[in-house]
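Student: got a structure for you, letters missing:
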């Protein structure tokens, strides 16, 4: 069996080309900082699902507006890809918002919050049994340093 499928190679090439094209060729001022996070190509190479993220913008209205701009530019992008990549049939581009980055940030914040709320409990629960008393003896009855009982 082959190590890489053709659809995977086409998807990787599409991702690279689309990232450059969106950044340099689309001049719409409504389009924010778009990153192409992944591309999935159908087995018959008829469709390419392009997953994009927006840098610093999580507002659903802004996301919808950016996706609309990309959808309108899909024909232009497809024609540019046809010039750059040798394919008999260039897949139809379908753009989707990739929420995995936003979801990852939310989960990371929740984990940080849980760890931070757990820290005061851990310091309160620290047992005073290992503390050295003023006279040099430990609470378990041994003197510090010699390990002999008193």
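Tutor: Received the coordinates, thanks. The model shown is predicted, which means the values in this text are computed figures rather than measured ones.
Student: the nearest residue to residue 102 once chain neighbours are set aside in helix, strand or coil?
Tutor: Nearest residue to residue 102 in three dimensions, chain neighbours excluded: residue 58, at 5.6 Å (CB to CB, 6 or more residues apart in numbering). Heads up, the C-betas are built off the backbone N, CA and C, glycines and all. Assigned with DSSP: H, G, I helix; E, B strand; the rest coil, residue 58 falls in the coil class.
Student: number of nearby residues for residue 58?
Tutor: 14 (other CB atoms under 10 Å).
Student: distance of it from residue 35?
Tutor: Using CB to CB, to the nearest Å, residue 58 is found at 14 Å from residue 35.
Student: and if you look at residue 120?
Tutor: Applying CB to CB to residue 120 and residue 35 gives a distance of 38 Å.
Student: of the two, which one has the most company?
Tutor: residue 35 (14 against 9).
Student: which non-adjacent residue is nearest the more buried one?
Tutor: In space, residue 35 is closest to residue 53, 4.9 Å off (CB to CB, 6+ apart).
Student: that's a helix at that neighbour, yeah?
Tutor: No: assignment of residue 53 by three-state DSSP gives strand, placing it outside any helix.
Student: was I right about it contacting residue 97?
Tutor: Yes: judged on CB atoms under 8 Å, residue 53 makes contact with residue 97 at a distance of 7.4 Å.
Student: this structure: strands as residue ranges?
Tutor: 34-41, 47-54, 92-97 (DSSP state E).
Student: so which of those comes closest to residue 82?
Tutor: Residue 82 lies closest to strand 92-97 among these, at 11.5 Å (CB to CB).
Student: with adjacent residues omitted, what lies nearest to the residue nearest the centre of the chain?
Tutor: The residue lying closest to the centre of the chain (CA atoms, centre = their mean) is residue 101, at 3.5 Å. Distances taken as CB to CB, 6+ apart place residue 53 nearest to residue 101, at 5.0 Å, with adjacent residues excluded.
Student: which stretches of this protein have low pLDDT?
Tutor: 1-4, 122-150 (pLDDT under 70).
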